[in-house]
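*Asks:* A structural model of the following input is requested.
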Amino acid sequence: VLCPACQSDSSRVTDSRATNVGIRRRRECSLCGERFSTMETVLRASLKVLKKDGRSEEFQKEKLLAGLAKAAVKCSVSVSQLENIVDSIEAQIHESGISDITSSDIGELAIEELRKLDHIAYIRFASVYRSFADVESLKNAIQALDDGSAASFEARTLQLAFPGEGNFSKPGQTND
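*Replies:* Numbers count the residues shown, from 1 in each chain. Got it, this is the predicted structure:
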């Protein structure tokens, strides 16, 4: 780590603290005595999102958060709660060991999280991702909320614990 004052690569750590985003280290330059802080975070393997048109792109938390925010407009859902949903989805995907996931599978994970949090935001988001073909489909989604039988939805069958099933693949594996 280079000193920001003199660019020396000789420093010593005077304090280390774990934070929710990594490890914060307080350092002192051995050459000029300047004190500065560094932050260490874990770099996760990149996650590719497979789009419906066949393209693939890097997973972007901001895009998912923006979609959730649109669905939650005028609902009693805070930005912090939406950020927690995005973090939870990203963690689930990374913990499963997969490197590629379809955008529709991410949508299903988001739908399930919103269903637990706010029913209006859930219906709004589901109507976009599931493309309800008719009023009957929308009624079925609402009825499932009323009955508490949301298990009938695809989101309940999505199992990230078994990456060999569904549309997922492990690093280096293709979905043929």
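*Asks:* Would you map the strands across this protein?
*Replies:* With DSSP state E, the ranges of strands along the chain come out as 11-18, 23-29, 35-40, 48-50, 56-58, 100-102.
*Asks:* What strands line up against the second one, and which way round?
*Replies:* Read it as strand 23-29. Strand pairing for strand 23-29, determined by DSSP bridges: strand 11-18 (antiparallel), strand 35-40 (antiparallel).
*Asks:* Pull out the buried residues from the lengthiest helix in the chain.
*Replies:* Criterion DSSP state H: the longest helix present in the chain is helix 79-96. Going by neighbour count (16 or more other CB atoms under 10 Å), the buried part of helix 79-96 is Gln81, Leu82, Ile85, Val86, Ile89, Glu90, Gln92, Ile93, Ser96. C-beta here means a position set from N, CA and C on the backbone, and glycine is covered the same way.
*Asks:* Among those residues, find the lowest-pLDDT one for me.
*Replies:* Lowest in pLDDT among those is Ser96, which has 86.
*Asks:* Against Leu145, how distant is that residue?
*Replies:* Plainly put, Ser96 is 27 Å away from Leu145 if you go by CB to CB, to the nearest Å.
*Asks:* Quick check: nearest residue in space to the residue most central in space within the chain, chain neighbours excluded?
*Replies:* For the chain, the residue sitting closest to the mean C-alpha position, by CA atoms, centre = their mean, is Glu90 at 2.8 Å. Leaving out its chain neighbours, the residue that sits closest to Glu90 by CB to CB, 6 or more residues apart in numbering is Lys61, at 6.4 Å.
*Asks:* just Glu40 next, same as before
*Replies:* Nearest non-adjacent residue to Glu40, counting by CB to CB, 6+ apart: Ile23, 4.4 Å away.
*Asks:* since we're on that neighbour, how many residues are nearby?
*Replies:* Ile23 has 13 neighbouring residues, counting by other CB atoms under 10 Å.
*Asks:* For stretch 24-43, buried residues please.
*Replies:* Residues Arg25, Arg27, Cys29 are the ones in stretch 24-43 that count as buried (16+ other CB under 10 Å).
*Asks:* Pull the number of nearby residues for the residue nearest to Glu90.
*Replies:* The local packing of Lys61 (other CB under 10 Å) involves 12 other residues.
*Asks:* Equivalent analysis for Ser76, please.
*Replies:* The tally of other residues near Ser76 (other CB under 10 Å) stands at 10.
*Asks:* quick one: the helices in the protein?
*Replies:* Secondary structure of the chain (DSSP H): helices at 61-71, 79-96, 103-117, 119-129, 135-147.
*Asks:* how about the longest one as PDB, C-alpha atoms only?
*Replies:* The C-alpha atoms that make up helix 79-96 are tabulated as PDB, following Å, rounded to 0.1, in the frame of the first residue of the first chain:
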ATOM      1  CA  VAL A  79     -34.900   2.400   0.300                       C
ATOM      2  CA  SER A  80     -33.000   0.500   3.000                       C
ATOM      3  CA  GLN A  81     -35.400  -2.400   2.800                       C
ATOM      4  CA  LEU A  82     -35.000  -2.500  -0.900                       C
ATOM      5  CA  GLU A  83     -31.200  -2.400  -0.600                       C
ATOM      6  CA  ASN A  84     -31.400  -5.300   1.800                       C
ATOM      7  CA  ILE A  85     -33.500  -7.300  -0.700                       C
ATOM      8  CA  VAL A  86     -30.900  -6.700  -3.400                       C
ATOM      9  CA  ASP A  87     -28.000  -7.600  -1.000                       C
ATOM     10  CA  SER A  88     -29.900 -10.800   0.000                       C
ATOM     11  CA  ILE A  89     -30.500 -11.800  -3.600                       C
ATOM     12  CA  GLU A  90     -26.900 -11.200  -4.600                       C
ATOM     13  CA  ALA A  91     -25.700 -13.200  -1.500                       C
ATOM     14  CA  GLN A  92     -28.100 -16.100  -2.300                       C
ATOM     15  CA  ILE A  93     -26.700 -16.300  -5.900                       C
ATOM     16  CA  HIS A  94     -23.100 -16.100  -4.800                       C
ATOM     17  CA  GLU A  95     -23.600 -18.700  -2.000                       C
ATOM     18  CA  SER A  96     -25.100 -21.100  -4.500                       C
END
